[in-house]
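Visitor: Could you work out the structure for the sequence below:
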Amino acid sequence: MSVIELLTQVRPILLKRAAHRLSRGEGMREMFLEELGRFYDLVQQSVEYGDPVWLEPQLMNWIEAATLTELEQQEGGITPLLSDLLMIAFEVVRENCTEEEALDVSGALLPVFSHALQFSAKQEADRLVKRISYDLERANSSLERLDKSKSDFISVAAHELKTPLTLIEGYAAMLRESLPAENDQERSELFLKGIDSGSKRLREIVDDMIDVSMIDNNLLSIRFQPIWLNRLFEVINMEVFPISQQRDLEIRFHSFEGSKEMTYGDGERLLQAFRNIINNAIKYTPDGGRIVIDGRMLPGFVEVTVTDTGIGINPEDLLVIFEKFGRLGNASLHSTSKTRFKGGGPGLGLAITKGIIEAHGGAIWTESPGYDENNCPGSTFHILLPIYKECPDKKTAMLFESLGHSMIEEGE
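Guide: The predicted structure is shown next:
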């Protein structure tokens with residue numbers, strides 16, 4: 001007998017055994033028997049014509065009918081079903097055919113089922129990948145919407161806070177001017193000083209919120225002009241000197257190659273960035289500690305380092321600190337001062353600093369052995385800024401060029 005005749009002969013036994021073993025319940029068994037009948041017809045056709053492609057439409061129907069949960073669990077997928085059907089076919093053939101006939105039939109079935117298994121495995125994997133990609137896209141879209149909502153809230157809140165803050169500052173100034181020079185003047189001045197201090201701190205927070213909102217929306221404008229890093233450090237040195245005296249901190253600004261080099265940048269923004277980094281070092285360095293600002297020249301860049309003997313940063317938090325609201329530790333344990341040890345804050349300073357440095361074409365990162373409040377391993381912030389020999393802003397460059405020509409003509 002030919003292989004086709006043998007397959008036709010064992011077909012009823014194959015279908016009955018497969019339906020009984022692989023389906024549950026009479027109703028399901030009848031439906032499954034119909035599907036198996038169509039499948040074995042296609043198997044027989046594939047063997048007869050030597051082309052297993054006949055099976056692919058039926059396999060696709062099964063794959064599309066399977067739930068994603070079944071595919072994810074693997075045992076409910078089509079690939080395990082095909083393996084079971086092949087094993088049952090081998091059993092039935094061995095039981096109902098001679099050894100030689102069984103070898104012929106098995107040899108004819110094997111390449112057909114091999115193709116079916118490969119095809120099904122690929123299609124199931126593709127379907128899972130598409131679903132996972134779709135889920136990831138949805139998750140990313142949700143995160144983007146959430147981040148945009150957060151940025152929008154920061155922007156709106158900052159602008160809404162600005163108006164009442166301006167009123168507080170204005171009325172406090174008017175009250176000071178209208179107070180009579182009487183015996184309680186000193187007490188009134190103390191109250192007004194408290195209002196001024198609170199208003200100033202609130203103004204700084206509002207300004208930070210506006211800055212981080214502009215960075216998020218790529219609206220931070222950089223006004224390039226000639227700058228010298230050593231002059232920026234001189235300003236910050238004067239600002240932090242009283243703090244260093246108050247907290248017994250040794251804050252050293254070293255003169256290094258490149259610090260006196262003229263480059264182009266936004267002086268106010270870079271001053272803000274370096275001030276944030278140094279204030280951060282002050283906050284997380286205990287009284288009696290040391291902070292060193294140093295640097296070096298690199299090809300096309302100047303690298304500034306701010307090294308402290310503070311409490312350090314855990315390795316997993318080295319990137320987190322540059323995110324919005326990336327303040328570490330328990331906020332309830334922090335003081336509200338900007339300069340006291342572990343002083344609190346909204347956690348926007350380093351995020352703003354990163355935005356400013358990157359807007360200049362630079363980079364910022366930090367290194368630390370770890371976090372330890374007892375041994376204080378310290379940390380080092382690295383700021384890499386490009387050295388611009390010419391102003392990168394064409395409009396500003398034209399302005400400086402025209403001013404230079406005017407000065408030359410006046411000199412002549």
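Visitor: residues in contact with the residue lying closest to residue 202 once chain neighbours are set aside?
Guide: Nearest residue to residue 202, sequence neighbours excluded (C-beta to C-beta, 6 or more residues apart in numbering): residue 165, at 5.6 Å. Heads up, the C-betas are built off the backbone N, CA and C, glycines and all. Taking C-beta atoms under 8 Å, 6 or more residues apart in numbering, we find residue 165 in contact with 199, 202-203, 206.
Visitor: Those residues in strands, which ones?
Guide: Among these, no member is found in strands (DSSP state E).
Visitor: Give me the secondary structure label for residue 303.
Guide: strand (DSSP: H, G, I helix; E, B strand; the rest coil).
Visitor: thought it was touching residue 381?
Guide: No: using C-beta atoms under 8 Å, residue 303 is not in contact with residue 381; the gap is 10.7 Å.
Visitor: Now for the chain, the helix or strand with the poorest mean pLDDT.
Guide: helix 68-73 (a mean of 52; mean pLDDT, DSSP states H and E).
Visitor: any idea which helix or strand comes after that helix?
Guide: Downstream of helix 68-73, the next assigned helix or strand under DSSP states H and E is helix 78-96.
Visitor: And residue 98, what's its pLDDT?
Guide: You'll see residue 98 listed with a pLDDT of 90.
Visitor: shaky segments in the stretch 51-200 of the chain?
Guide: Under the criterion pLDDT under 70, the flagged ranges of the stretch 51-200 of the chain are 66-76, 149-160, 179-185.
Visitor: change it to 80
Guide: For the stretch 51-200 of the chain, the stretches flagged by pLDDT under 80 are 65-77, 145-167, 169, 171-172, 174-194, 197-198, 200.
Visitor: More neighbours: which of residue 303 and residue 381?
Guide: Remark: of residue 303 and residue 381, residue 381 carries more neighbours, 23 against 17, as counted by other C-beta atoms under 10 Å.
Visitor: State which helix of the chain is the longest.
Guide: Criterion DSSP state H: the longest helix present in the chain is helix 99-178.
Visitor: Distance from the chain centre to it, please.
Guide: 12 Å (C-alpha atoms, centre = their mean, to the nearest Å).
Visitor: and if you look at stretch 236-243?
Guide: That offset, for stretch 236-243, works out to 35 Å (C-alpha atoms, centre = their mean).
Visitor: Can you mark which positions in that stretch are buried?
Guide: If you call a residue buried by 16 or more other C-beta atoms under 10 Å, then stretch 236-243 has these buried ones: 236-237, 240, 243.
Visitor: Same question for stretch 192-206.
Guide: 195-196, 199, 202-203, 205-206.
Visitor: Need the residues that contact that stretch.
Guide: 158, 161-162, 165, 168-169, 172, 175-176, 338, 346, 348.
Visitor: among the residues you listed, who's most crowded?
Guide: residue 348 leads the contacts of stretch 192-206 on contacts (other C-beta under 10 Å) with 24 neighbours.
Visitor: Contact partners for the closest residue to it other than its chain neighbours?
Guide: The shortest distance from residue 348 to any non-neighbouring residue, by C-beta to C-beta, 6+ apart, is to residue 208 (4.4 Å). By C-beta under 8 Å, 6+ apart, the contact list for residue 208 reads 346, 348-349, 352.
Visitor: Residue 208 in helix, strand or coil?
Guide: helix.
Visitor: pretty sure residue 8 contacts residue 47?
Guide: No: with contact defined as C-beta under 8 Å, residue 8 does not count as touching residue 47 (10.9 Å).
Visitor: higher neighbour count, these two?
Guide: residue 47 (19 against 13).
Visitor: Next, the contact list for that one, please.
Guide: By C-beta under 8 Å, 6+ apart, the neighbours of residue 47 are 3-4, 7, 108-109, 112.
Visitor: For it, give its distance to residue 88.
Guide: In this view, residue 47 and residue 88 are 16 Å apart by C-beta to C-beta, to the nearest Å.
Visitor: go on, residue 132?
Guide: In terms of C-beta to C-beta, residue 132 sits 33 Å off from residue 88.
Visitor: And these two? Which one has more around it.
Guide: Using other C-beta under 10 Å as the criterion, residue 132 and residue 88 rank with residue 88 on top: 18 against 12.
Visitor: how about the more buried one, what does it touch?
Guide: Per C-beta under 8 Å, 6+ apart, neighbours of residue 88: 14, 17-18, 21.
Visitor: domain ranges for this protein?
Guide: 3-141, 151-216, 225-397 (automatic domain parsing).
Visitor: what's the offset of the shortest one from the middle of its chain?
Guide: The one in question is domain 151-216. 34 Å.
Visitor: same check, this time on stretch 54-69
Guide: Taking mean C-alpha positions (C-alpha atoms, centre = their mean), stretch 54-69 and its chain are 38 Å apart.
Visitor: Please save the CA atoms from it in PDB.
Guide: Extracted C-alpha coordinates of stretch 54-69, given in PDB (Å, rounded to 0.1, in the frame of the first residue of the first chain):
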ATOM      1  CA  TRP A  54      -1.100  23.700   2.200                       C
ATOM      2  CA  LEU A  55      -1.200  23.600   6.000                       C
ATOM      3  CA  GLU A  56      -0.400  27.300   6.600                       C
ATOM      4  CA  PRO A  57      -3.900  28.800   6.200                       C
ATOM      5  CA  GLN A  58      -5.400  26.300   8.700                       C
ATOM      6  CA  LEU A  59      -2.500  26.900  11.100                       C
ATOM      7  CA  MET A  60      -3.100  30.700  10.900                       C
ATOM      8  CA  ASN A  61      -6.700  30.200  11.700                       C
ATOM      9  CA  TRP A  62      -5.800  28.300  14.800                       C
ATOM     10  CA  ILE A  63      -3.100  30.800  15.900                       C
ATOM     11  CA  GLU A  64      -5.500  33.700  15.500                       C
ATOM     12  CA  ALA A  65      -8.200  31.900  17.400                       C
ATOM     13  CA  ALA A  66      -5.800  31.300  20.300                       C
ATOM     14  CA  THR A  67      -5.900  33.900  23.100                       C
ATOM     15  CA  LEU A  68      -2.800  35.800  23.900                       C
ATOM     16  CA  THR A  69      -2.900  34.300  27.400                       C
END
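Visitor: Much appreciated, bye for now.
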